[in-house]
Structures are given as structure tokens and as C-alpha cells.
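Novice: Just to be clear, the model below is a prediction. Sequence and coordinates:
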Amino acid sequence: MEKGNYTLVSEFFLVGLSNYPDLQVFLYVLCLLMYLVILLGNGTLIIISILDSRLHTPMYFFLGNLSFLDICYTSSSIPQMLVNFTSERKSITFIGCALQMVLSLGLASTECLLLAVMGFDRYVAICNPLRYTIIMNKGLCVQMAAWTWILGFLIASIQSVLALILPFCDNIIDHLFCEILALLKLICVDISLNLFIMIIASIILLITPLLLIFFSYVFILFTILKINSTEGRKKAFSTCSAHLTVVILFYGSALFIYMKPKSKETKLFDEIFGLSYWVFTPMLNPIIYSLRNKEVKGAVEKVLIRNLFLRRI
């Protein structure tokens, strides 16, 4: 592109799926219902992890962080998406777009790091159970959680600022929200530095956490196989199965979206699958952690049913 064809951008137009108005009506209803489920499910996990003293453990502390993160992540994009589905003028201000990009990228980056921290927690719980409460003390848990948020937003802010200070040739984003890869396509000048920073960020946020989770579960597997009793092995597996399911769902979907070759023929599929990934994963997390978890089921019954509802009767 010529360096002289710059556009002074005060707003962006989000035109993802705009060629399918009937589909947008269906997606509006579906996303609204799923967003309400996300708020209800993750909100419930946060409430019971605070109110039930039996859940005042490192595992549920990190799970509470994950639930809060998922609420913030979906709230940074879905409300704007719902407005655009019903609006003729699918616009967002430059500042609004910048804020949305920093929040969504920062929260997604934080989740990558938080899942690795949760993997370390499961490693200590299974491989070093006698020292678990000593190693995973309250101070360490708070520090680990805080650093996931700090690093996630620091890396996201650097990527976002380096993209937003560059000149744009257009203000039409072919996406459902302000996503950094879609925004980089509008920049007129060389973006080699941006791509290099994204590679470094991918190593820090994707490859490194995945390796840490992988090696944690290798040690966990060897430890479980050494347990003599069948009941003990089942109990050890059950404490890790929810986290491992979330990891596979989160990273598997992300890798499929960003590593799969793009083409014009599959653009509609890519956008719908991407939308389901942004909404389905945060919605399924509380369900996954609740289905086979007697502690969570018991806490829901104790806190929400007995304490909240029965008091009103």
C-alpha cells in the first residue's frame, strides 16, 4: 500500500457476518441466551467459592479467578456484538475499539497463564500431597494469580498500543469485534515489528503454558499409576479431569481457529466457529467443574438453596 493513503480514524465499522441478516437474528438470540448462562454459571461459582468455607482452597481460589475472568472476557465483546446484530450502523468509536481490544486480548492472555497455574496446583496436590498446604499457601496463590493478570494485560497492552499508533488505510473491520489480527489488516505501513511481538507473545502465552501443563500432567500420570488402590486412582483422576478438559477445550479451539489455513470459501464457517469459541468455552467452564464435583454440588445446595431460598419461606 502507498504510505500516503492514510485515513484519520475516529470510528470503526464491524462488518463481520453483515451479509447474512437472517443468520444475525438467530445468532443474536443464541448469544444472548448463552451470555445469560455465562453470567449465571460463573457468577454462581464465584458466590459459592466465597460463601462456603469448604471451598476456601487454592483450587477453588483459582477457579473463582477463572470464572471472574470469563465473565469479564465475554462482557468485553458480547454486548457490543449484540448491539451490532440489531443495528444498521455497525460502528464503534476508536477509543471503544481500543478498549475492547485491550480487554479481550488481555483477558484471553490471562486465561492462558491462569490455566498453567491451575495445572501447577494440580501437580502439587497429586505429586506432593503432604506438603500441598505448605507449598500452595495463601500468599503464594495470591501472588501467582496477580502475576497472571499483570503479565496478561502488560503483553496485551504492548501489542495493542503498537497496533493503534500506526496509520490506517481503512476503518472497516471484517470481524464481529475489535480483534488485533483483523485490525492489523487495515494498517498501511510495515507491520513486521507487530508480527514479531505477536510471535514472542505466543511463545510466552501459548507455547510455554502448554509445555508447563504437559509436563505437569506427565508427572501426575506417573504418580497416579503408582497408587495401589483403584479408588485412590479414581479420586486422583477426578481432581484433574475438569482442569484437563478445560485446557483441551480452550487450547484446542484456539489452535484450530488461528492455525487452520484461511480461505474465502470457509470464511463464514471460521466466523461462526470463532463466535462459538468465544462464547461456548466460558459457558462450559462452570458446567465442566460442576458435573462430577460433589463439593461444588454440595456448596450450591448449601449456599444457594438452603441459605438463600429457604430463608425466604
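Specialist: That came through fine. Numbering: from 1, shown residues only.
Novice: any idea where the strands of the protein begin and end?
Specialist: For the chain, applying DSSP state E gives strands covering 11-14, 91-93, 172-173.
Novice: For K235, find the nearest of those.
Specialist: strand 11-14 (47.7 Å; C-beta to C-beta). Placement of C-beta: from N, CA and C, glycine included.
Novice: That closest one: which residues count as buried?
Specialist: By 16 or more other C-beta atoms under 10 Å, the buried positions in strand 11-14 come out as F12, L14.
Novice: As PDB, could you dump the C-alpha coordinates of it?
Specialist: In PDB, the C-alpha atoms belonging to strand 11-14 read as follows (Å, rounded to 0.1, in the frame of the first residue of the first chain):
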ATOM      1  CA  GLU A  11     -14.500   5.100  14.500                       C
ATOM      2  CA  PHE A  12     -14.500   1.600  13.000                       C
ATOM      3  CA  PHE A  13     -17.300  -0.400  11.300                       C
ATOM      4  CA  LEU A  14     -17.600  -4.000  12.400                       C
END
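Novice: Give me the contact list for that strand.
Specialist: With contact meaning C-beta atoms under 8 Å, 6 or more residues apart in numbering, strand 11-14 is reached by 80, 84, 89-94, 97, 171-173, 175-178.
Novice: just how off-centre is it within its chain?
Specialist: In terms of C-alpha atoms, centre = their mean, to the nearest Å, the centre of strand 11-14 is set 24 Å apart from its chain centre.
Novice: distance of L55 from F280?
Specialist: L55 sits 25 Å away from F280, going by C-beta to C-beta, to the nearest Å.
Novice: before we move on, what about K234?
Specialist: With distances taken as C-beta to C-beta, K234 is found 28 Å from F280.
Novice: ok, I207 to I213 distance?
Specialist: As judged by C-beta to C-beta, I207 and I213 stand 11 Å apart.
Novice: Settle it for me: which of these two has more neighbours?
Specialist: Neighbour count, other C-beta atoms under 10 Å: between I207 and I213, I213 has more, with 24 against 11.
Novice: which helix in the protein runs the most residues?
Specialist: Ranked by residue count under DSSP state H, the longest helix found in the chain is helix 94-127.
Novice: which other helices and strands contact it?
Specialist: Packed against helix 94-127 by the contact rule (3 or more C-beta pairs under 8 Å, 6 or more residues apart in numbering; DSSP states H and E) you find strand 11-14, helix 58-75, helix 132-135, helix 138-164, helix 180-184, helix 208-225, helix 230-259.
Novice: Go through those and name the closest to I199.
Specialist: Nearest to I199, of the helices and strands packed on helix 94-127 and by C-beta to C-beta, is helix 138-164 at 10.9 Å.
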